[in-house]
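Novice: Turn this into a structure:
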Amino acid sequence: MSAALQSQINGRVAELAAQLAATASRPWTLMEVCGGQTHAILRWGLDQLLPPGLRLIHGPGCPVCVTSAERIDAALELAVRPEVILCSYGDMLRVPGGAAGHDLLGARAAGGDVRLLTSPLQAIALAQACPERQVVFLAVGFETTAPATALLLRQARALGLTNLTVLLAHVRVAPAMAALLQEPGNQVQGFLAAGHVGAVMGTAELGQLVRRHRVPVVVTGFEPVDVMAALLRLVQLLEAGTPALANAYGRVVRQQGNGAAQALLKEVFAVVDQPWRGLGPIAGGGYELVAAYRDFDALLRFDLPPAAAAPPPEPLASPCISGLILQGRALPPDCPAFGSACTPERPLGAPMVSSEGACAAYHRYRRPAP
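Specialist: A predicted model of the protein is given here:
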């Protein structure tokens, strides 16, 4: 980035911060539910520019972080089977399951065939190259990556592949926002919503959330000016007592969203209740395969229990408070293990693993000097 552009960004952010300070007349508690926004806030120090009383907390904005321990345990069970090639995105290899220290990277070190993919469609080439093996793709992500998994399955069916299945862990953001608002002791008074989810799904579901719970929501992107402008708009709505939905990311997000992506989702997936790590079961919080694609369900192919039916893991003797962090009830520095027992190299909790996790963001940008 050139010095001139940096200066322009800093100047615009400062202008918006001044407007925000002039607008906020009382304390407000706001939450962003996007890991990219969390990293932008910390990288650019936006939270340090907020007026006194304006509190910004971080929600469960990282799909890797909220993938349930039960789903990771299912992947671990499959990874050690000699007939299986287990593949997923890089961050997933280090997310802990229900047992302390157990992750897919460890399964690979123990001899499991665990592979890293950068695109779901690579699983097709892998299945074609290894017809004698069963390829299982651990599919994670919000509504932004779910269409790519749906496309994978559509193409796999067209090709007649019988050695490819998915272990589905896609989650839906708006139901999680609703669940947070219904928690006892909830303090969230307004949301910054993820622009990349809105680009796919549009704004209708967020509008329903606003009408049902009477809280303002502003859709925005990930650049510092985007985030500060959205915070200003959110505080303006709160100060006016107007629980409305605002789209501050109009260059990307349209009300109707991406029709082609939504059609793919409807063709392949059905909305179901799903457990989120740190939040528990969420009504409508995820996807399962529709009947026409059920043959690609790894849980059915390998006779594994669904996540909702799996027994909860035993409590771990760990200082990690990642559950509270994912709920927005604590910040990473509040954790006694942060930066000492828990680091990106040796993570105790999922938010320290993923590049989008709040703990990883704080460790990168706010780690105390040694």
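Novice: Grab the longest strand from this structure for me.
Specialist: Scanning the chain for the strand with the most residues, using DSSP state E, yields strand 280-289.
Novice: and that one, what other elements does it pack with?
Specialist: Taking 3 or more CB pairs under 8 Å, 6 or more residues apart in numbering; DSSP states H and E as contact, the helices and strands that strand 280-289 lies on are strand 164-170, helix 173-182, strand 269-276. (Each C-beta comes from the backbone N, C-alpha and C, glycine too.)
Novice: ok, and which of these has the densest surroundings?
Specialist: Among the helices and strands packed on strand 280-289, the stretch with the highest mean neighbour count (mean count of other CB atoms under 10 Å) is strand 164-170, at a mean of 26.
Novice: could I get it in PDB with only the CA atoms?
Specialist: Extracted in PDB, the C-alpha atoms of strand 164-170 (Å, rounded to 0.1, in the frame of the first residue of the first chain):
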ATOM      1  CA  LEU A 164     -16.500 -39.700  -2.700                       C
ATOM      2  CA  THR A 165     -18.500 -38.500   0.400                       C
ATOM      3  CA  VAL A 166     -18.700 -35.300   2.500                       C
ATOM      4  CA  LEU A 167     -18.600 -34.900   6.200                       C
ATOM      5  CA  LEU A 168     -20.900 -31.900   6.400                       C
ATOM      6  CA  ALA A 169     -20.200 -29.100   8.900                       C
ATOM      7  CA  HIS A 170     -21.500 -26.000   7.100                       C
END
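Novice: contacting residues around it?
Specialist: For strand 164-170, the surrounding residues in contact (CB atoms under 8 Å, 6 or more residues apart in numbering) are 63, 67-68, 71, 74-75, 78, 123-124, 127, 134-143, 145-146, 149, 152-153, 156, 269, 286-289, 296-299, 301-302.
Novice: Which of the helices and strands packed on strand 280-289 sits closest to Leu46?
Specialist: Closest to Leu46 of those is helix 173-182 (CB to CB; 20.8 Å).
Novice: For Leu264, grab the count of nearby residues.
Specialist: When counting by other CB atoms under 10 Å, one arrives at 20 neighbours for Leu264.
Novice: Quick check: it touching Leu151?
Specialist: Yes - if you go by CB atoms under 8 Å, Leu264 and Leu151 touch, sitting 6.1 Å apart.
Novice: quick one on the thing from earlier: mind putting the helices and strands packed on strand 280-289 into CSV with distance to Gln48 and mean pLDDT?
Specialist: Shown next, in CSV, are the helices and strands packed on strand 280-289 (distance: least, CB to CB, whole Å; pLDDT from 0 to 100):
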stretch, distance to Gln48, mean pLDDT
strand 164-170, 35, 97
helix 173-182, 24, 96
strand 269-276, 30, 96
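Novice: nearest to Ala17, of those?
Specialist: When the helices and strands packed on strand 280-289 are compared by CB to CB, helix 173-182 sits nearest Ala17, at 25.6 Å.
Novice: Name the surrounding residues that touch the closest one.
Specialist: Counting by CB under 8 Å, 6+ apart, 31, 33, 59-60, 66, 142-143, 186, 188, 191, 193-194, 197, 201, 205-206, 208-209, 212-213, 215, 217, 276, 279, 282-285, 327-328 sit against helix 173-182.
Novice: change it to 6 Å
Specialist: Pro60, Phe142, Phe191, Val197, Glu205, Leu206, Leu209, His213, Ile282, Gly284, Gly285 (CB atoms under 6 Å, 6 or more residues apart in numbering).
Novice: And the furthest pair within those?
Specialist: Using CB to CB, the contacts of helix 173-182 span at most 19.9 Å, a distance reached by Phe142 and His213.
Novice: Comparing these two, which residue is more hemmed in?
Specialist: Neighbour count, other CB under 10 Å: between Phe142 and His213, Phe142 has more, with 23 against 17.
Novice: Quick check: phi and psi on that one?
Specialist: Reported as degrees, to the nearest 10, the phi and psi values for Phe142 are phi -80, psi -170.
Novice: what about it, distance to Phe296?
Specialist: Per CB to CB, to the nearest Å, Phe142 is found 20 Å from Phe296.
Novice: Walk me through the domains of this structure.
Specialist: Taking automatic domain parsing as the reference, the chain has its domains at 24-319, 322-365.
Novice: Mean neighbour count, these: which tops it?
Specialist: Most buried of the domains of the chain, by mean neighbour count (mean count of other CB under 10 Å): domain 322-365, with a mean of 21.
Novice: And Gln155, how far from Leu126?
Specialist: Going from Gln155 to Leu126 by CB to CB gives 13 Å.
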